[in-house]
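Engineer: A predicted structure for the sequence below; I have some questions about it.
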Amino acid sequence: MQKIMIALIALLSIPALATIDERFPESATFISNSNILRFQYMAHEGTECIPGNTTKLISRVPFYVYAPAINNTQVKTGKFPALIFLHGMGEQGPSMLNMCYTRDDTYYASIASTLNKVENQAGGPGAAILAGNFNPAENMVVIIPQSMQRGGFSTDVIRRVISDTATQMASKGIELDADRIYLTGLSMGGGSLMQYLANNPNHFAAAIPIEAAGGIDACWLRTHTISFWGFAGGASGNMGAGTLLNIINGTSNCPDSVIEYINPAYTCVYNTKSCTRFSAPRPNNLRATFMPANGHNGWREIYNGTHNALPTTEKNIYNWLLAQKNSDQGKPLFPIQYLTNGSSSSATTSSIQSSSSSPGTSSSLVASSAPSSYSSTQSSSSSSTPTGSPATILLTPAMIVPGSPGNPDALVDEQTSTAPTNYWFAGWSTSIYPVSAIIDLGREYTITEITLYDANGTGLVEFSDADPAHSQGVIVSDGLTRYLAFTSYSVSVQTRYLRVKKYNAATLGEIKLQGY
């Protein structure tokens, strides 16, 4: 193999016990209609399992690799571009795989039975391959990992599967082209894609997020060289056309933010008709396609090239990917500057805002572990409130004190027993977080219960007494580990003002209060 292959593997490797588990068989399967051999692997990173030991592994990730084939037993040797696909929430594996269990045949069979969800069920490149609709102009290696926990794919997981794929394919005579490695993802996987790009702008030649559950700073896309093609439906809220339009158009603070190159195949009115917009200064590198007839879907047709929103001359998104190269964009060959194991992104830190900061602004940053439990404290107060039976404290958007970024009224606009559909979105730029919103209850209450709705299964939110005359201590701290569920905390605090602080990845759907 050439020197670049050696460098690729070395740079991706992390100093830990990272191995392919040999007890998880390759089980090569020939997919004749796509002329591809599919392999399955499971990567480990961290402490090896010992029976009776409950130490968590850093990561344990099953994944498929699709390699160009000559026939049903032989791969096609040579150098090939690679595509990594990140699936959505519905295709996750069992979260128990993060724990260290005795591994027996039954255990491995259960893992293999869930891995196939990332293929046809996901509707991504795997589905296109199975259906015979995967027809790039050149042969590609396709890598599809399965997320084992809520919240998506960490940076460590993405780099792990690329590294292990490079190692396994090298043994078969296949080299990954470090100049052309691409990333795509849908929904939750699209959100992980955005986060990875923001932290690693040089690692991929191009990215295609579809209905991403998360965004990226519009100005970031204009100050970093990355080929980006986003897709969004018109009926999917903050994951839809409005968000993508903001990303592609930018703001008045972004260079060339109002210049657009419109696909001549359509009249580009994003909320009424399918179209593609291209944004300056690189019209071929920054684009957005809108699918107003779709809600939170449409990716299957995008990946297999049949969606009518695709430009008439570019029905095959893989050919657009293949035209993008790191070397053409003035970037070093992927990958570079990986974090060492000691500074892994799996370590959680939080930015602590001082109690004297005004809502929506952040003060000096202090690293600390993000708690997943809560503490209940009694705020000191010189005034007293008559005791009584706790009842619902009716919250309304008018109670939100002006000055917080985004739409903090979404925290209190759906005071029902059903799952809320709106959430507080303050902006994509990580520099603004943490952000705070203050609720003025109108009078002093004794709050006995705080309920919150976790809309994304990741992040950190804190509730504190915002009355300047009180201690302003944290009442509840929640690491948002209960996806799409309400969580209630018993508290005892007397205050008129309640502060809600949200950290970058936190998606908080609604809050409710009990008290008297």
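Structural biologist: Alright, I've got the coordinates.

Engineer: shaky segments in the stretch 51-200 of the chain?
Structural biologist: Where the stretch 51-200 of the chain drops to pLDDT under 70, the residues are 51-59, 94-109, 112, 149-151.

Engineer: can you give me the helices in this protein?
Structural biologist: For the chain, applying DSSP state H gives helices covering 3-12, 105-115, 125-131, 155-170, 188-199, 218-223, 241-249, 299-304, 317-322.

Engineer: What is the neighbour count of residue 213?
Structural biologist: 26 (other Cβ atoms under 10 Å). Every C-beta, even on glycine, is put in place using the N, C-alpha and C of the backbone.

Engineer: re earlier: let me have the helices of the chain in CSV, extended by distance to residue 83.
Structural biologist: Listed next are the helices of the chain as CSV, based on distance: least, Cβ to Cβ, whole Å:
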stretch, distance to residue 83
helix 3-12, 15
helix 105-115, 18
helix 125-131, 6
helix 155-170, 11
helix 188-199, 12
helix 218-223, 20
helix 241-249, 21
helix 299-304, 11
helix 317-322, 7
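
Engineer: Quickly list the domain ranges of the chain.
Structural biologist: Per the record, the chain has its domains at 3-339, 391-515, by automatic domain parsing.

Engineer: quick one: which of the helices of the chain is nearest residue 402?
Structural biologist: When the helices of the chain are ranked by distance to residue 402, counting by Cβ to Cβ, first place goes to helix 241-249 at 22.3 Å.

Engineer: Just the C-alphas of stretch 74-92, formatted as CSV.
Structural biologist: Only the C-alpha atoms of stretch 74-92 are listed here, as CSV (Å, rounded to 0.1, in the frame of the first residue of the first chain):
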residue,chain,number,x,y,z
GLN,A,74,-13.4,-11.5,-4.5
VAL,A,75,-13.1,-7.8,-3.9
LYS,A,76,-11.9,-5.4,-6.6
THR,A,77,-8.5,-4.3,-5.4
GLY,A,78,-7.2,-0.7,-5.7
LYS,A,79,-7.8,2.8,-4.3
PHE,A,80,-11.4,3.9,-3.8
PRO,A,81,-13.3,6.9,-2.4
ALA,A,82,-15.3,6.1,0.8
LEU,A,83,-18.7,7.2,2.0
ILE,A,84,-19.8,7.1,5.6
PHE,A,85,-23.5,7.0,6.3
LEU,A,86,-25.0,7.9,9.7
HIS,A,87,-28.5,6.6,10.3
GLY,A,88,-31.4,8.1,12.2
MET,A,89,-32.9,7.5,15.6
GLY,A,90,-35.1,4.6,14.4
GLU,A,91,-32.1,2.4,13.5
GLN,A,92,-30.2,2.5,16.8
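
Engineer: buried residues in that stretch?
Structural biologist: Counting neighbours by 16 or more other Cβ atoms under 10 Å, one finds that the buried residues in stretch 74-92 are 75-76, 79-89, 91-92.

Engineer: and which of those residues is nearest to residue 430?
Structural biologist: residue 86 (19.7 Å).

Engineer: Quick check, the closest one in contact with residue 194.
Structural biologist: No: contact criterion Cβ atoms under 8 Å: residue 86 and residue 194 do not qualify, at 10.4 Å.

Engineer: in stretch 170-190, what counts as buried?
Structural biologist: Residues of stretch 170-190 classed as buried by neighbour count (16+ other Cβ under 10 Å): 170, 172, 174-190.

Engineer: Using CSV, write out every CA atom in it.
Structural biologist: The C-alpha coordinates for stretch 170-190 follow below in CSV (Å, rounded to 0.1, in the frame of the first residue of the first chain):
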residue,chain,number,x,y,z
ALA,A,170,-6.0,-2.9,3.4
SER,A,171,-5.7,-6.6,4.3
LYS,A,172,-7.9,-7.3,1.2
GLY,A,173,-6.0,-5.1,-1.2
ILE,A,174,-8.3,-2.0,-1.0
GLU,A,175,-7.0,1.4,-0.2
LEU,A,176,-9.3,4.3,0.9
ASP,A,177,-8.6,7.5,-1.1
ALA,A,178,-7.8,10.0,1.6
ASP,A,179,-8.6,12.8,-0.9
ARG,A,180,-12.2,11.7,-1.3
ILE,A,181,-13.8,10.6,1.9
TYR,A,182,-17.4,11.8,2.3
LEU,A,183,-20.0,12.0,5.0
THR,A,184,-23.8,11.8,4.8
GLY,A,185,-26.6,11.3,7.3
LEU,A,186,-30.3,11.6,7.9
SER,A,187,-32.2,13.0,10.9
MET,A,188,-30.2,12.2,14.0
GLY,A,189,-27.3,11.1,11.9
GLY,A,190,-27.5,14.5,10.0
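
Engineer: tell me the pLDDT at residue 217?
Structural biologist: At residue 217, the predicted lDDT confidence score is 76.

Engineer: For it, grab the count of nearby residues.
Structural biologist: Burial of residue 217 is recorded as 21 neighbouring residues (other Cβ under 10 Å).

Engineer: Does it touch residue 198 like I think?
Structural biologist: Yes: using Cβ under 8 Å, residue 217 and residue 198 qualify as a contacting pair, with a distance of 7.1 Å.

Engineer: what sits against residue 411?
Structural biologist: Contact analysis of residue 411 by Cβ atoms under 8 Å, 6 or more residues apart in numbering lists 395, 400, 424, 437, 439, 500, 508, 510, 511.

Engineer: mind redoing it with 6 Å?
Structural biologist: 424, 511 (Cβ atoms under 6 Å, 6 or more residues apart in numbering).

Engineer: pLDDT at it, what is it?
Structural biologist: For residue 411, the model assigns a pLDDT of 92.

Engineer: any idea how far residue 493 is from residue 448?
Structural biologist: According to Cβ to Cβ, to the nearest Å, residue 448 and residue 493 sit 9 Å apart.

Engineer: who's more crowded, these two?
Structural biologist: Set residue 448 next to residue 493 and count neighbours by other Cβ under 10 Å: residue 493 wins out with 25 against 18.

Engineer: Quickly list what that one is bridged to.
Structural biologist: Taking DSSP bridges as the rule, residue 493 bridges to residue 447.
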